[in-house]
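Student: my questions concern the predicted model and sequence given below.
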There are 2 protein chains.
Amino acid sequence: MSQHRHPGAPGRAGAVPALPDLPEATVARLPEYLRALHNLAETGHETVSSEGLSSAAGVNSAKLRKDLSHLGSYGTRGVGYDVALLIDQIESVLGLTQCRSVALVGVGNLGHALAGYDGFASRGFRIAALFDADRARVGEVINDLVVRHVDELPRVAAEESIAIGVIATPAPAAQRVADQLVAVGVTSILNFAPCVLSVPEGVDVRKVDLAIELQILSFHEHRKASLTALPAAGAALTALPGGLAATDTQEAIGT
Amino acid sequence: MSQHRHPGAPGRAGAVPALPDLPEATVARLPEYLRALHNLAETGHETVSSEGLSSAAGVNSAKLRKDLSHLGSYGTRGVGYDVALLIDQIESVLGLTQCRSVALVGVGNLGHALAGYDGFASRGFRIAALFDADRARVGEVINDLVVRHVDELPRVAAEESIAIGVIATPAPAAQRVADQLVAVGVTSILNFAPCVLSVPEGVDVRKVDLAIELQILSFHEHRKASLTALPAAGAALTALPGGLAATDTQEAIGT
DNA sequence: CGCGATTTGTGCACGTCTTCACAAGCGCCT
DNA sequence: AGGCGCTTGTGAAGACGTGCACAAATCGCG
């Protein structure tokens, strides 16, 4: 939504890593491909076809090929993609070649879990600092990291060169924390608090709301229940009395 | 993706609650509207304009109006929407009028946090049971709920009428758990494990991968860095030397 | 050396989502 | 009662994403 692009700089990047200006939908799928590729690499596969990789990532094979073609990918026709090469390509595009430092603010229930989540480290992210506004929590050690007061953010950010801020505070505190993060130069924020953040232009915010996901599931559940409950729908089609009820949506994924 | 609709039953639902067959994108936003509406209700607002609600939910006002119009909403021109009425409408559409029971499988780091997350209960979800495959964890009490072994799932599901399953296990165990959930009749699954699940038709799966969100942010961070690093871009535009560097994407939200 | 099997990369058509812009409707004030 | 300002609801256009289907390319084998 609202992608302001520099109108004056069309594609001419010269010898630089080449930023192909990927579609947002493609970017959102690349990490999934990457995960599937790592799995394949661990199981000893040297190459993989678009069919194989797409099914491992849970997408259409044509979509996968188009996604990879956007980053000028190196597949060989008749063979497939070189797994190791593709991993490098995608990691390079996603900027995962350098380890990025993450600051986590809010070590409540969720923050605790995030601080201990090993999925971050394995993808090249390093949780560099933990913060909380509650003095009672300051000093606590989680996963070898000591929780500091959020007022220390400027000082610590200067030392650690924080790239990404994660907000896991209650909703009322989130905007204030976001402002503080922006103030110390953070331009990417992952927000777990159930509220919208207003940030200046140039700052990216992604929101994850666990309750929202459940509510979306609830809707589909509700719809499925109503459909199976209605006995008379398309009278012309109802020939078989048996398993017809469940013939419906196969909704999947969606990040 | 892949929405198979009943071709023979077009909209004629008669006097039933009326399932308007909402666009998926709209469904994904309704919970956000709902949250904003609850905020407004608590601060004493009786009515709200599309402009007010849309900014509180972080979306375009036209988009909001179209979303609400899809569910045949009752706004009054010149005035706005009745907050209480709209809350009822949306909750009804999302199927939140009945409290849905959730089974949570995997009480590791993340599962612990989810079990204690109060955002679920406040949105009408009840965590009805906790499961884990690790015998060492069985018996532990979290938030007044005792952790049971995953083999007990069939028996407990029969008692509690589970509507939604949440998978918070390591990736290798996720598919097995999904199969077990499906076997006991669960048709909606929220998957936190970093892997794709294969489920039979009629079962909805939504995936949340925290690491993926970070990688998407990493991409944008990477792109911003490359842009600002390039000194010569749109030469015509570079008049002010000051804060121009960050003039760029305002990417937001996206669930 | 050529041929066929296989797989990538992509043009094209289609569906979905977004956004603008404006007519229709409602309440309030005079 | 009438007019005026405000807000909703929606038609239409455009952007975006998806998936089919096929040509181009590559490898292996006879």
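Tutor: Good, I have the coordinates.
Student: any idea how far the closest residue to residue A:116 other than its chain neighbours is from DNA strand C?
Tutor: In space, and not counting its chain neighbours, residue A:116 is closest to residue B:109: 4.5 Å by C-beta to C-beta, 6 or more residues apart in numbering or on different chains. For glycine as for every other residue, the C-beta is placed from the backbone atoms N, C-alpha and C. Residue B:109 sits at a distance of 33 Å from DNA strand C (criterion: C-beta to the nearest atom of the strand, to the nearest Å).
Student: isn't residue B:109 up against residue A:111?
Tutor: No: using C-beta atoms under 8 Å, residue B:109 is not in contact with residue A:111; the gap is 11.4 Å.
Student: okay, those two: which has more neighbours?
Tutor: Neighbours per residue (other C-beta atoms under 10 Å in any protein chain shown) separate residue B:109 from residue A:111, with residue A:111 holding more: 24 against 18.
Student: state the distance from that one to DNA strand D.
Tutor: Counting by C-beta to the nearest atom of the strand, the gap from residue A:111 to DNA strand D is 31 Å.
Student: secondary structure element for that residue?
Tutor: helix A:109-116 (DSSP states H and E).
Student: thinking again about what came up before, quick check: the residue nearest to residue A:116 vs residue A:51, distance?
Tutor: 35 Å (C-beta to C-beta, to the nearest Å).
Student: and residue A:93, by the same measure?
Tutor: 22 Å.
Student: those two - which one has more neighbours?
Tutor: residue A:93 (26 against 12).
Student: need the contact list for the closest residue to residue A:117 other than its chain neighbours.
Tutor: In space, and not counting its chain neighbours, residue A:117 is closest to residue B:109: 6.0 Å by C-beta to C-beta, 6+ apart. Shown in contact with residue B:109 (C-beta atoms under 8 Å, 6 or more residues apart in numbering or on different chains): A:112-113, A:116-117.
Student: ok, now with 6 Å
Tutor: A:113, A:116-117 (C-beta atoms under 6 Å, 6 or more residues apart in numbering or on different chains).
Student: export those to CSV and tack on pLDDT and distance to DNA strand D?
Tutor: Converted to CSV, the contacts of residue B:109 look like this (pLDDT from 0 to 100; distance: C-beta to the nearest atom of the strand, whole Å):
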residue, pLDDT, distance to DNA strand D
A:113, 94, 29
A:116, 92, 33
A:117, 90, 27
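Student: which stretches of the stretch 151-255 of chain A have low pLDDT?
Tutor: Where the stretch 151-255 of chain A drops to pLDDT under 70, the residues are A:229-255.
Student: now with 80?
Tutor: Flagging of the stretch 151-255 of chain A using pLDDT under 80 yields the residue ranges A:227-255.
Student: residue ranges for the strands of it, please.
Tutor: Remark: strands assigned in the stretch 151-255 of chain A by DSSP state E, counting those that start in this stretch are A:164-167, A:188-191, A:204-207.
Student: and the first one, C-alpha only, in CSV?
Tutor: Output for strand A:164-167, consisting of C-alpha atoms alone and laid out as CSV, is shown next (Å, rounded to 0.1, in the frame of the first residue of the first chain):
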residue,chain,number,x,y,z
ILE,A,164,15.1,-3.5,13.5
GLY,A,165,12.9,-2.9,16.4
VAL,A,166,10.3,-5.3,17.7
ILE,A,167,7.5,-4.0,19.8
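Student: which of the residues in stretch A:211-230 are buried?
Tutor: A:211-224, A:227 (16 or more other C-beta atoms under 10 Å in any protein chain shown).
Student: fine, thanks again, bye for now.
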